[in-house]
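Peer 1: my questions are about this predicted structure, shown below with the sequence.
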Amino acid sequence: MKQPSRTAGKPVASFSFSNLNRSAGILLHITSLPSSFGIGDLGPQAKAFADFLNRSSQTFWQLLPLSPTTAGQGNSPYSASSSMAGNPLLISPELLAEDGLLSEEDIAAYKIKETDKVDFEKAEENKRRMLEKAYANYCANPAALEKEFAAFSKQEAYWLDDFALYIVLKKENGDKQWSDWDKPFKLHNTKALKQFAAEHKEEVDKVKWQQMIFSRQWLGLKEYCNKLNIQLFGDMPFYVAYDSSDVWSHRDIFSVDKEGKQQFVAGTPPDAFNENGQLWGMPIFNWEVLKQRNYDWWINRMRKNLELFNLVRLDHFRAFAAYWQVKASEETALNGEWIKSPGKEFFTILKKELGEMPFVAEDLGHIDEPVYKLRDGFKLPGMNVLQFAFGDNMPKNTYIPHHHAPLAVVYTGTHDNNTTIGWFKTLPKPEKKNLNLYAGTKMTTKNVCEILSRMTYASVSKLAILPMQDILELDEKARMNIPSSGENNWSWCMTAKQMNATIEKKLKEWCVVYDRAPEE
């Protein structure tokens, strides 16, 4: 059930990083917002955080991917069931009530005690029940949203039809991955899918309707933020999960055979941290087929992200220059090889399609000259992470503030790093000595967050981003993710009382001192 390409059309990008004044922002995912429903969502607390950002002179809100997550993938937003869909867990019950789809009594029954950890299991069960009820109420009285739903379904059909079928088929098959379905469905047989869609119309429509609700709530939040001069800074993973609607419906652009079996998978080569490398298990792209199709899937994906965000971080940017390819039969990434990507040609076509390219290149890890050449050739800002700055040969380290470039985003740490206090606790003595020398004072767990945050703001890089955990001066218990570990990730969340006037005043003062305050 292939859908027409959406690559044709007017450019959607208008944001230009090169014209950006010195600015500041905060990294906090939607799931980490305070919540009475087990997980942060797009409702009142999201707007409250936008207000907090505005009062603190912040002009960027950086988030992680908004894609649907699964318990089987550790609830990771970087291993999602769709590269286009939104996560229904982020739908706000309060906003459903505002639309008349739920009553106050309905949502009150599902409220739970606010904590500093996401309860994915409870949130998923409660959100499912609330969305079931909201959809039933919509079906009983569709007038208010019927035209919007029809327009959304038509506009997003190029990915939505396949995604909805994938979700319903997966449920019908006991949550088995698509490669284990009956052959007509596994191989995306058009006739079989049309018949299935007709027989399961209500379930398929329900999935589409939830995506419409997600889009409605998200775009409402985006509009609210943009009116406050807050730019939404999103994140787009390079790869997609094997068990996803993308691979199921577009096998030809991935390294899978005619029967759907993986041939080559993604990963990273051995390094100082992992002698066997990292084996991610996600299928690599068939760039030859993508080239023949003028990179339509990728351009559609980029365009979609630029509808959702003002600025987008391209995760694992180095794979646009070359990627690490490993045979699917391998147990580690040790025996992989570097394969060149059509980066320059792809970005040339992408620029023609989109106009401005408001992307940030995640240029961390195993980076070589071709990666920098690709990044700089298209004038894409890179990333500077201060936690990487104090190792060997510190004075010449590219992450040390005196070597930063204006066209870059600077961080204390990212979602993959420990919190600054957690990092400092385990910092080797030589690096701690370098940190003390550079700061000109003895560093402790009491002052390390403020001093590194000030270094971040003092950088010549145009955009400075602080993780909310560092602003709150939290230790390793608040870490968002430990790469290559599948447990206890993505679960930290903030409590409402942690957004206070003292923090607002401090951030606002730093923005003035380091010339990052928005113009009046």
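Peer 2: Thanks, I have the structure now.
Peer 1: would you map out the domains in this protein?
Peer 2: 76-241, 250-356 (automatic domain parsing).
Peer 1: work out the gap between the last one and the centre of the chain.
Peer 2: This means domain 250-356. Relative to its chain's centre, domain 250-356 lies at 16 Å (Cα atoms, centre = their mean, to the nearest Å).
Peer 1: shift numbering so it begins at 15
Peer 2: Okay, using 15 as the starting number, the last item reads as domain 264-370.
Peer 1: I'd like the average pLDDT over it.
Peer 2: Domain 264-370 shows a mean pLDDT of 95.
Peer 1: now do stretch 407-417
Peer 2: For stretch 407-417, mean pLDDT is 96.
Peer 1: check stretch 165-175 too.
Peer 2: pLDDT averaged over stretch 165-175 gives 98.
Peer 1: now do the end-to-end distance for it.
Peer 2: In stretch 165-175, first residue to last residue: 13 Å (Cα to Cα, to the nearest Å).
Peer 1: which one of the domains of the chain lies closest to M482?
Peer 2: Shortest distance between M482 and these, using Cβ to Cβ, is found for domain 90-255: 11.9 Å. C-beta here means a position set from N, CA and C on the backbone, and glycine is covered the same way.
Peer 1: so what would you say the end-to-end distance of that closest one is?
Peer 2: 11 Å.
Peer 1: now stretch 423-441
Peer 2: End-to-end distance of stretch 423-441 (Cα to Cα): 23 Å.
Peer 1: quick one: Y172 and I313 touch, right?
Peer 2: No - using Cβ atoms under 8 Å, Y172 is not in contact with I313, being 11.5 Å away.
Peer 1: quick one, helices of the stretch 215-364 of the chain?
Peer 2: Taking DSSP state H, counting those that start in this stretch as the criterion, the stretch 215-364 of the chain carries its helices at 215-241, 259-263, 301-306, 310-322, 357-368.
Peer 1: tilt between the one helix or strand K387 maps to and helix 357-368?
Peer 2: Element membership of K387, judged by DSSP states H and E, is helix 383-391. Inter-element angle recorded for helix 383-391 and helix 357-368: 20 degrees (by axes from the mean of the first three to the mean of the last three Cα atoms, to 10 degrees).
Peer 1: report the next helix or strand after helix 383-391 in sequence order.
Peer 2: strand 396-399.
Peer 1: which helices and strands does that following strand pack with?
Peer 2: If you count contacts as 3 or more Cβ pairs under 8 Å, 6 or more residues apart in numbering; DSSP states H and E, strand 396-399 packs onto strand 373-375, strand 422-425.
Peer 1: mean pLDDT added to those, as a markdown table?
Peer 2: Shown next, in a markdown table, are the helices and strands packed on strand 396-399 (pLDDT from 0 to 100):
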| stretch | mean pLDDT |
| --- | --- |
| strand 373-375 | 98 |
| strand 422-425 | 98 |
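Peer 1: who's in contact with stretch 121-139?
Peer 2: Stretch 121-139 has contacts (Cβ atoms under 8 Å, 6 or more residues apart in numbering) with 45-46, 48-54, 83, 85, 89, 103, 107-108, 110-111, 140, 143-144, 492, 504-510.
Peer 1: what residue is smack in the middle of this protein?
Peer 2: The centroid of the chain falls nearest to P79 when counting by Cα atoms, centre = their mean (1.9 Å).
Peer 1: related to what we said a few turns ago, of Y172 and I313, which one has the most company?
Peer 2: The neighbour comparison of Y172 against I313 (other Cβ atoms under 10 Å) goes to I313, with 23 against 18.
Peer 1: contact partners for that one?
Peer 2: Contacts for I313 (Cβ under 8 Å, 6+ apart) come out as 21, 363-364, 367-368.
Peer 1: return a PyMOL selection command for the buried portion of these.
Peer 2: Filtering those down to the buried ones (16 or more other Cβ atoms under 10 Å) takes a single PyMOL command:
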select buried, resi 21+363+364+367+368
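Peer 1: need the contacts of I313 in JSON lines with distance to P251, can you?
Peer 2: Formatted as JSON lines, the contacts of I313 follow (distance: Cβ to Cβ, whole Å):
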{"residue": "T21", "distance to P251": "20"}
{"residue": "I363", "distance to P251": "21"}
{"residue": "L364", "distance to P251": "17"}
{"residue": "E367", "distance to P251": "20"}
{"residue": "L368", "distance to P251": "19"}
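Peer 1: between the contacts of I313, which is nearest A375?
Peer 2: L364 (13.1 Å).
Peer 1: give the contact list for the closest one.
Peer 2: 309, 312-313, 316, 371.
Peer 1: with Q245 instead?
Peer 2: 29, 39, 73-75, 239, 324-325.
Peer 1: quick one: which of those has the most company?
Peer 2: Going by other Cβ under 10 Å, W75 tops these with 27 neighbours.
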